[in-house]
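**Q** Give me a model of this one.
(5 chains, ligands or ions: 5)
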Amino acid sequence: MTAATTTPTATPSSPPKRPALRHRLAERGVDRTLLLVLPGALALLALFCYPFLYGLQLSFQPTHGGVLGDYQKFFSDPFSRKSIWATFSLAIPASLINVGASIPISYRMRRDFRGKRIMLAVLVVPITLGTVLTAEGILEFFGPAGWFNRTLHLLGLAASPMKLTMNYTGVLLSLIISGFPFAYLLTHSYLSGIHPSLEKAAATLGAGWWQRFRHITLPLLLPGLLTTFSLTFVMAFAVFPSALMVGDPDGHTHVISIEAYEAALERFDYAQGCADAMIMTVLMLAVIGALAAARSRMYRGATGGKG
Amino acid sequence: MSASTAAVADAVDTAAAGRRRLALRPGTWVTWGVLTFFLLNLTGVIATVLLNSFGSRWFDSWLPGGWTSHWYSDAWKEFSLGRVLGVTLEVTLLVVAISLILGVPAAYALARRDFPGKRALNLLFVLPILVPPIAYGIPLATMLYKVHLAGTLTGVVLANLVPSIPFVVFTMTPFIEQIDPRIEAAARVCGAKTPTVLGRILAPLLLPGMLAAGILVLVRTFGMFELTFLTSGPTSQTLVVTLFSAVNSAGIRSTQSIDAMAVVYTGSMAVLLLIALRFVNPTQLVARSAD
Amino acid sequence: MTAATSASPPSPRASAPRRPDSQLGRLSLRGVSRAYGAHTALHPLDLDITGGEFIALLGPSGCGKTTALNCLAGLLPLTAGEIELDGRRVDTLPPEKRGFGMVFQNYALFPHLTVRANVAFGLKMRGVAKAEIERRVAEVLSLVQLSEHAAKHPAQLSGGQQQRVAIARAIVTEPALVLMDEPLSNLDAALRLTMRGEIRRIHQDFGLTTVYVTHDQEEALSLADRLVVLHDGRVSQIGTPAELYERPADPHVAAFMGYRNLLPLRVSSVDGSTVVAEGDGLRVVGTAAGEPLLVGQDALVAIRPEDLRPAAEGESAVGEAVAEIVEYHGRVLHVEAATAEGRRLHLKAHESVRPGDRLRVAVDAERALVFRSEGALLLEVETEAAGVTAQGEPEAQAS
Amino acid sequence: MTAATSASPPSPRASAPRRPDSQLGRLSLRGVSRAYGAHTALHPLDLDITGGEFIALLGPSGCGKTTALNCLAGLLPLTAGEIELDGRRVDTLPPEKRGFGMVFQNYALFPHLTVRANVAFGLKMRGVAKAEIERRVAEVLSLVQLSEHAAKHPAQLSGGQQQRVAIARAIVTEPALVLMDEPLSNLDAALRLTMRGEIRRIHQDFGLTTVYVTHDQEEALSLADRLVVLHDGRVSQIGTPAELYERPADPHVAAFMGYRNLLPLRVSSVDGSTVVAEGDGLRVVGTAAGEPLLVGQDALVAIRPEDLRPAAEGESAVGEAVAEIVEYHGRVLHVEAATAEGRRLHLKAHESVRPGDRLRVAVDAERALVFRSEGALLLEVETEAAGVTAQGEPEAQAS
Amino acid sequence: GAPGSSGAAKAAPPSTLASTPSKPVSLNILDVAGNLQLTQPILDAFKAQHPQIVSGITTSTGTAPELAPKVQAQQQGGNVQIDLVLTGTDGLAAGIEKQLWYNLKPYYDTFFPGLMANYNPAAASMASLAQDQGIELVVTPSGPLLEYDPAKVATPPTTPDALLAWAQAHPGKFQYAQPRNSGPGRTFLMGLPYLLGDSDPSDPTNGWAKTWDYLAQLGKYAASYPTKTSATMTAIAQGTAWMIASTAGWYINPRATGTVPAGIKVVKFDNLTWVSDAQFGVIPKGIPADHLTAVLRLLAFALTPEQQAVTYDQGYFYPGPAVKGVTLAQAPAASQQVVQKFGDPDFDTWTSSGPIRNSLPAQAQVTAFDLWDKKIGAAK
Ligand SMILES: Nc1ncnc2c1ncn2[C@@H]1O[C@H](COP(=O)(O)OP(=O)(O)OP(=O)(O)O)[C@@H](O)[C@H]1O
Ligand SMILES: Nc1ncnc2c1ncn2[C@@H]1O[C@H](COP(=O)(O)OP(=O)(O)OP(=O)(O)O)[C@@H](O)[C@H]1O
Ligand SMILES: NCCCCNCCCN
Ligand SMILES: [Mg+2]
Ligand SMILES: [Mg+2]
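**A** Numbering: from 1, shown residues only, chains lettered A, B, ... in the order given. Ligands and ions are numbered 1, 2, ... in the order given. Presented below is the predicted three-dimensional model:
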């Protein structure tokens, strides 16, 4: 990793050579403490980087065609190409809904009130439900004879049951159920990082609640919102089991992870599967990178009371 | 709920404050409405599964037509839940232990030192959380096949370490940063050598953090579908994979016994969650300081 | 020791040449009070503030200073009472409608806005025309000497500069009243001194009416025209600096005003306002302060270190003590001496004193204030409590 | 105005009856220096410390005080130089082998241990027998008056109490040397005063040798036997409190020692050590300080506010100024006055002065120190910079 | 570009095997057909009766499409962990194509004396699909059948035309699942060419003109095609569908387990040609000889009449037994009760009345599914 343990190169100028090098390294933060990252970093190199590079290399060795054969195949087959659209058309609305709903709710929930902690705890529950239970629950609850449709019927809101499962809507619902609490809790913690005295200061300067939100809270929250969006997006982008279970995996919810999975584990074409995985990673990182770039152009400093 | 927020301090309020609250009402109503709607649906989703798992049959009606618990014994037998839970426990505990052993020291060094290459190292620790598990799981599974680890418990544990180590690192970082380095310096000046500083000072102070990180990794590994699915074999499946296979594999299966298994799954998760919430704030379950 | 003559206070203090008129005629607080649940943080407070005045709210931590200020600003609804501004009731208005300026303890600068935009914020909210905003912001920034930092963000400024931005932001709208909540408490000693001068100067130059919260009596004394001393949410005393300094109303105020020797003694004789109090080998001839005293009552005698001097030959001394700690403070030494009975006396010495020296000390009768004691232990408790609460909550436990 | 006679400093300060002998004979620092990369935080420092001494390291924020202390403690390796303790070289030893005690700015108490366990920690590390540990911990705790808090955890203590635990922990091992890094800076004014006394008392009672870091000159003056003033990592001056107070070596030290009037003037005549400096309508007859001066050179004249007094009839005045800000400080008024040319003078007045009053001020020649100026602008820059750095780095960006 | 490649897949099977493994082995069995529902009791019995052969049996489930790649990956890695696969014709054929299974013919004499002769006619016919690379375990004439809710459908259709007319009269109330993922769906698809009199029921590409035309018509009125049979069962249970495609097993079992109300009825088309279905045990190449022995013993055990009788089960693959002369009367009592209660009394006469045809070979099935996806599925 670093040259922490390499033998010191001769430094003719200063008489005590060894301490000088140790000192020079220590100055830059390199000392024996750094050895502590080594095991973890090596584990990730071996279990994450190496396989990833191996997959990359494999993706350039297609069974048919040239080096880029599998990439060409992905983009020339309309069915697989459409999986990009399917993925984005799920991930972006899901993230927008999750983050969008989080803002007003966390804005209201900032003050302390009895039961707040319980409320927050309740919101954590969906994160632990697991995809299968969520999917089963969605199938049953939102299904044609589920409580949701029965209630609509009872209230006279829908003549025939709405089709909310085994299609795009089903997957979107599952992304919201698992993603909204996550987005909310993140937004909540970012928002509570903004010192209340800032809004108070704005009030004493004549700003009404909308102006306070518009000019003070929102700009300070925005970087946090982008991070939240990124992380919700990452979760939604990787959607896999629920796209199979409550979606329409051969149609509108044929997302890119299913494409990759089928290539590798149903068609036994690892090269293609790896190529798909690489395409997936690049697309995801491109979005995250763009968001990070946008974020870096915003104010990102402290949001405490002090400047 | 909105009543209680307002009530506490402002019980004896002036007219003005009252007017101001009135002006905020529509927004407040919508907000609480959305939240209530969400929670109602969430409750519905969970409750239907729970009720169904105890229902002898449930057709076109609000509630099941009869009650039974035999789906649980059926599921237990049919899906060999005893064995599966054992494997799940073994996998998660191993992952927790190993990722703590590897992650905590790394987190310590990253939190305490600034050094050349730290950004790259940070990236190494962030990427496994960002990259979709399917994307690196497929090549990882391929590699594990090559080294004869695919399908084994070891393989599953190794795969699950990939997101867990970074997770430990990022959960631990704020806990470590909270500890003033001068406390370590103080211990040294008092005559403590490195092992003593680690054992008597740092370890007790980091214990809450390690518990939090450990439980969070436990919860996540318990629920990690993709990686386990890609790398497990018949003897190394965890509950979530068994559950998925039960839904997806061929054959006629009563949804009730699948739901029973899902309830077992969620019940175990809920217990873990309750334990976790004793040590961490709910927002800490998702938020960390490192981004 | 030199008998320092008390300087007569500069009563109508301000008279800078270009001083504009205050925006405010009279602000009246009538029975303003505030409770948090069962706990009354501010007992009914009556106060009239005249335009141009500089009022300091002074008191130890938790005494209700911030509460009072927030009530004034409209950030906290009143539990009872009313506030009138030139005859118009304002306590029912939300903060944004009151038109007061406020400087927060932590400045509360908008971190994402430049210095210029921070200062312009209030004007923008009031819909002032752009050109006018620019002009006024530039003017105020030059007044607080920050013109060349206008384009920076708050994080790029030093504490003192941030402080000045906060002041500029609060005064640019030419508010009727400026409220400041311990604006200097986050600064270091040297800067605090400098900024204190600035605040006074800005107050004068702008013709502001200012309510200033602090727990630092020196700051309050040096800045304010009038001080309001709070204790446990109640007013202990309202008066000019000299009134408080020379005639504190009770031992709390005295302790706050630098009467570091607070001796619990027993009244042995009363002659008009001259009181003799004795105990533990000490005997003080002093002046009754506060409520009248009777012989035999417990009393608390308050004396400043600088008023305790070596007894002249033949003069009746307060007592004898051995110097224990001698601190060098430039022209004077600060001596902590202990009597044979273990009483500690603080005094200032201009001659050389060494630890172990025996000192016979005396005090002029008019410099020793004798208060009726509200229980002999009060002092002890009080001092300890000050030590504890002054620090604020103990550091939150890391975990 | 009263001509305050300078008190002669209480040189061998300590003389408490039960004072034990110091553990340390002599600690020598030879060219101790430390760099962070290209930035030298501490230039070679030479210092001899005798057993029983109380040394204060004084200087503005960032001048290298903590660096020096950490080098002494062994928490930071030296870039060059060596440290000898009674002839034994210690700079190569890790902190745990040096056997020093240290009190940290924020106390750095072990939050998971009780007060008793905190104090016992060092003894335990040294393998002292259990009974002996108990005895010594009890003794030290009673010394710092914390016996009844022994079973509490640090979070349950007030700031002042935590402070005392930190001291107890540092001294229980009877270290050769106790290092303290701004131990009082987190406390409020009143408590700081009390704790200052405690520290001095413990130093005396335990016969400690202490190196004490502070940026508060009053604290340093009042506590230390000898002061080391640092500026930008270099020693500006080493001396006793009186030496520094009366004969600062350069304008930095002077500014630090309360010479608040620092006037950039031009030398118009030199007669032995008496120097006349003039400029901007001001004329000062003063005493040369530091390096010798030549006529025509730029000079910086340092005068304390308390040394500027109203000129007597016929006396040649420094100049004339109009009072602008008058602050009430109890017995004295602090006046900020401006000359026609815009120069600001700070002075103390015992009589009534009001803003707008014209003042003719004078100074005794021996009270006005004339330094060779290292560039006329230096003063301005210096003052501003102090404002910036005194506040410390702006809050680290959260992200 | 496959990960590694070793000779394991080409390894010749051991020519001679002991009749018992050298020591008891632990077997991993992968079920990609839902076959365990029928055979789990057999496995338990085998384990109980032959501890000298198996020390343990682990089962897991998966999907047919994953099967071949999984085995292939293990074989190429030289690390075959699956000893026995229980599969339908889909997984069987995929493995045959890729040469993943052992040819078992050399062991017939030792382990399966008189194998072919013992099968009942339907089973014997289906057994040919295995090409000696699998042992057929169960068989069912399957369907196609129609399940309907008698409360809503008074007189069920018994011809394709009547069905079309009914669907037209009740839009969205008839439903079948995507043939690729559904037994009833594919049985319906493969049965139609016989019912409609298509030119070549074994050639989906060129011989199914009427079928495709009919399905296109039907598609206009049918409900959407779910991905799984169970969704159609839920639909009829909850009343959102009134009539669905079914098979004998899907009719009996879900009603027995309570997923579908017992009151739902079944009807057979007039002049029905049954399309049979079967499940097989196949053995991946590369397992150790001891394991091979154990698996062969297990499969032989499964074909004994007592064990075959167990496969009546709860009607899941009704009737189930592949071996001649195994009657319901031999089945466990619980099994008999279920079949009597939830089966249709006419089943046995129905199956003996019409001809029984094999389902299409796997490759032809895939072609049919692709065509269905393109012509029918995509139109929804
Ligand atoms: N939101 C609140 N809820 C309950 N009690 C409160 C609240 N805010 C303040 N208090 C209590 O009211 C009293 C006065 O508080 P306040 O903040 O006005 O004190 P302060 O004089 O400003 O102190 P400090 O110098 O520490 O800022 C304190 O006892 C405090 O604990
Ligand atoms: N780890 C470090 N890396 C780089 N520079 C440092 C480091 N620590 C301190 N410095 C720099 O060294 C100089 C001296 O720092 P030091 O902490 O000794 O100052 P100080 O006198 O203790 O200040 P303060 O009163 O603020 O505590 C400063 O300029 C500081 O920025
Ligand atoms: N800053 C939040 C990072 C937490 C990472 N966890 C996200 C994955 C949740 N499934
Ligand atoms: Mg306050
Ligand atoms: Mg420091």
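**Q** low-confidence ranges in the chain?
**A** Using chain A. In the predicted model, chain A carries pLDDT under 70 at residues A:1-30, A:300-307.
**Q** actually it's chain E I care about, not the one you picked
**A** The low-confidence ranges in chain E, as defined by pLDDT under 70, are E:1-13, E:380.
**Q** In it, what residue comes closest to ligand 3?
**A** Here chain E gets closest to ligand 3 at one residue, E:E66, 25.1 Å apart by CB to the nearest ligand atom. Where you see a C-beta, it was placed from the backbone N, CA and C, and this is true even at glycine.
**Q** hang on, that residue packs against A:E266?
**A** Yes - using CB atoms under 8 Å, E:E66 makes contact with A:E266 at a distance of 5.9 Å.
**Q** on that earlier part again, just give the number of residues close to the residue of chain E closest to ligand 3.
**A** 20 (other CB atoms under 10 Å in any protein chain shown).
**Q** Likewise for E:T327?
**A** By other CB under 10 Å, neighbour count at E:T327 equals 12.
**Q** export whichever strand or helix holds the residue of chain E closest to ligand 3 as CSV, just CAs?
**A** Following DSSP states H and E, one finds E:E66 within helix E:64-76. Presented in CSV, the C-alpha positions along helix E:64-76 are these (Å, rounded to 0.1, in the frame of the first residue of the first chain):
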residue,chain,number,x,y,z
ALA,E,64,-35.1,-25.3,-14.6
PRO,E,65,-33.4,-22.6,-16.6
GLU,E,66,-30.7,-22.3,-14.0
LEU,E,67,-30.1,-26.0,-13.9
ALA,E,68,-27.8,-26.6,-16.8
PRO,E,69,-25.6,-23.6,-16.2
LYS,E,70,-25.2,-24.5,-12.6
VAL,E,71,-24.2,-28.1,-13.3
GLN,E,72,-22.0,-27.0,-16.2
ALA,E,73,-20.2,-24.5,-14.0
GLN,E,74,-19.6,-27.1,-11.4
GLN,E,75,-18.4,-29.6,-13.9
GLN,E,76,-16.0,-27.2,-15.5
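**Q** contacting residues for residue 40?
**A** The chain I'm using is chain A. Each residue near A:G40 by CB atoms under 8 Å, 6 or more residues apart in numbering or on different chains is listed here: B:102-103, B:105-106, B:125, B:165, B:169.
**Q** Can you look at chain E instead?
**A** B:78, E:59.
**Q** please redo it, this time with the cut-off set to 7 Å
**A** For E:Q40, the contact set (CB atoms under 7 Å, 6 or more residues apart in numbering or on different chains) is empty.
**Q** likewise C:Q297?
**A** C:Q297 touches C:267, C:372, counting by CB under 7 Å, 6+ apart.
**Q** 8 Å - rerun?
**A** C:266-267, C:372-373.
**Q** Which neighbouring elements make contact with whichever strand or helix holds B:I138?
**A** B:I138 is part of helix B:133-146, with elements assigned from DSSP H and E. Helix B:133-146 is packed against helix A:50-59, helix A:256-265, helix A:270-296, helix B:153-178, helix B:226-231, helix E:64-76, with contacts defined by 3 or more CB pairs under 8 Å, 6 or more residues apart in numbering or on different chains; DSSP states H and E.
**Q** how about that helix, does it reach ligand 3?
**A** No - Helix B:133-146 lies apart from ligand 3 when judged by CB under 6 Å from any ligand atom; the minimum separation is 10.0 Å.
**Q** Quick one: mean pLDDT over that helix.
**A** Average pLDDT, helix B:133-146: 87.
**Q** Buried residues in stretch B:76-83, which are they?
**A** B:76, B:78-81 (16 or more other CB atoms under 10 Å in any protein chain shown).
**Q** Alpha carbons of the helix holding B:I138, in PDB - could you do that?
**A** In PDB, the C-alpha atoms belonging to helix B:133-146 read as follows (Å, rounded to 0.1, in the frame of the first residue of the first chain):
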ATOM      1  CA  PRO B 133     -24.200  -6.700  -5.800                       C
ATOM      2  CA  ILE B 134     -25.300  -8.400  -9.000                       C
ATOM      3  CA  ALA B 135     -22.600  -6.500 -10.900                       C
ATOM      4  CA  TYR B 136     -19.700  -7.800  -8.800                       C
ATOM      5  CA  GLY B 137     -21.500 -10.900  -7.600                       C
ATOM      6  CA  ILE B 138     -21.500 -12.500 -11.000                       C
ATOM      7  CA  PRO B 139     -17.700 -12.300 -11.500                       C
ATOM      8  CA  LEU B 140     -17.100 -13.100  -7.900                       C
ATOM      9  CA  ALA B 141     -19.200 -16.200  -8.100                       C
ATOM     10  CA  THR B 142     -17.300 -17.200 -11.300                       C
ATOM     11  CA  MET B 143     -14.000 -16.700  -9.400                       C
ATOM     12  CA  LEU B 144     -15.300 -18.700  -6.500                       C
ATOM     13  CA  TYR B 145     -16.200 -21.600  -8.800                       C
ATOM     14  CA  LYS B 146     -12.600 -21.600 -10.000                       C
END
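**Q** Kindly calculate the angle that it makes with helix B:153-178.
**A** 130 degrees (axes from the mean of the first three to the mean of the last three CA atoms, to 10 degrees).
**Q** Contact partners for the closest residue to chain A within the stretch 151-300 of chain C?
**A** Chain A sits closest to C:P154 of the stretch 151-300 of chain C, with a gap of 2.2 Å, by CB to the nearest CB. Residues near C:P154 by CB under 8 Å, 6+ apart: A:306-307, C:107, C:109-111, C:113, C:115, C:118, C:162, C:165.
**Q** Go through these and flag which are in helices.
**A** C:115, C:118, C:162, C:165 (DSSP state H).
**Q** The third one contacts C:A108, doesn't it?
**A** No - here C:Q162 does not reach C:A108: they are 10.1 Å apart, not a contact under CB under 8 Å.
**Q** Show me the helices in the stretch 1-150 of chain C, by range?
**A** For the stretch 1-150 of chain C, the helices defined by DSSP state H, counting those that start in this stretch cover C:65-73, C:95-98, C:115-125, C:130-143.
**Q** List the neighbours of the longest one that are in contact with it.
**A** This means helix C:130-143. C:115-116, C:119-120, C:123-124, C:128, C:147, C:150, C:168, C:171-172, C:202, C:205-206.
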